[in-house]
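Asks: Sequence first, then the predicted structure, then my questions.
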Amino acid sequence: MKHIGNEIDKIIRNNPSLKTKDVAELVGISREYMSNIKKKSSIDCELLDKIAKVLNVPVSYFFDETTYSTVIGNQNQINNGVGDQIFMSAEQREIENLKELLKEKERFIQHLLNQNK
């Protein structure tokens, strides 16, 4: 898993329209708490989900995935981990986010099944 705080900080720094205080406000926490989160390697799942939604990235972005996206205007720039970049429309981005969400849910279900063995 990636260092979650570093990843959150990187997304905010790489997007000039995002400010830490604005993200904090949208998530419903103080700016100071948001600054502290950016120093943590892990956080509560529910809080991570809220932050991911505000940052417009799938929660899976914060885990060992080779594909990640960065919002650029109304398009996403996708880096597949090997240097190739493509641009996606908002609809395509939503489809990709839903696919990632489905993968996450499948992994979670598998994890729960393995715990019951």
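Replies: Cool, got the structure. Numbering: from 1, shown residues only.
Asks: drop to CA atoms for contacts and neighbour counts, all remaining ones
Replies: Will do.
Asks: in the chain, which spans are helices?
Replies: Applying DSSP state H to the chain gives helices spanning 4-14, 20-27, 31-37, 45-55, 90-115.
Asks: could I get the ones you listed as CSV with mean neighbour count and distance to Phe62?
Replies: Converted to CSV, the helices of the chain look like this (neighbours: other C-alpha atoms under 10 Å; distance: least, C-alpha to C-alpha, whole Å):
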stretch, mean neighbour count, distance to Phe62
helix 4-14, 16, 6
helix 20-27, 16, 17
helix 31-37, 15, 13
helix 45-55, 16, 9
helix 90-115, 13, 12
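Asks: For the ones you listed, could you give me JSON lines that also reports mean pLDDT?
Replies: As requested, the helices of the chain are exported to JSON lines (pLDDT from 0 to 100):
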{"stretch": "helix 4-14", "mean pLDDT": "90"}
{"stretch": "helix 20-27", "mean pLDDT": "93"}
{"stretch": "helix 31-37", "mean pLDDT": "93"}
{"stretch": "helix 45-55", "mean pLDDT": "90"}
{"stretch": "helix 90-115", "mean pLDDT": "82"}
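Asks: Of the ones you listed, which is nearest Phe63?
Replies: helix 4-14 (8.3 Å; C-alpha to C-alpha).
Asks: now the helices of the chain in JSON lines, with distance to Phe63?
Replies: Output for those, formatted as JSON lines (distance: least, C-alpha to C-alpha, whole Å):
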{"stretch": "helix 4-14", "distance to Phe63": "8"}
{"stretch": "helix 20-27", "distance to Phe63": "20"}
{"stretch": "helix 31-37", "distance to Phe63": "16"}
{"stretch": "helix 45-55", "distance to Phe63": "11"}
{"stretch": "helix 90-115", "distance to Phe63": "10"}
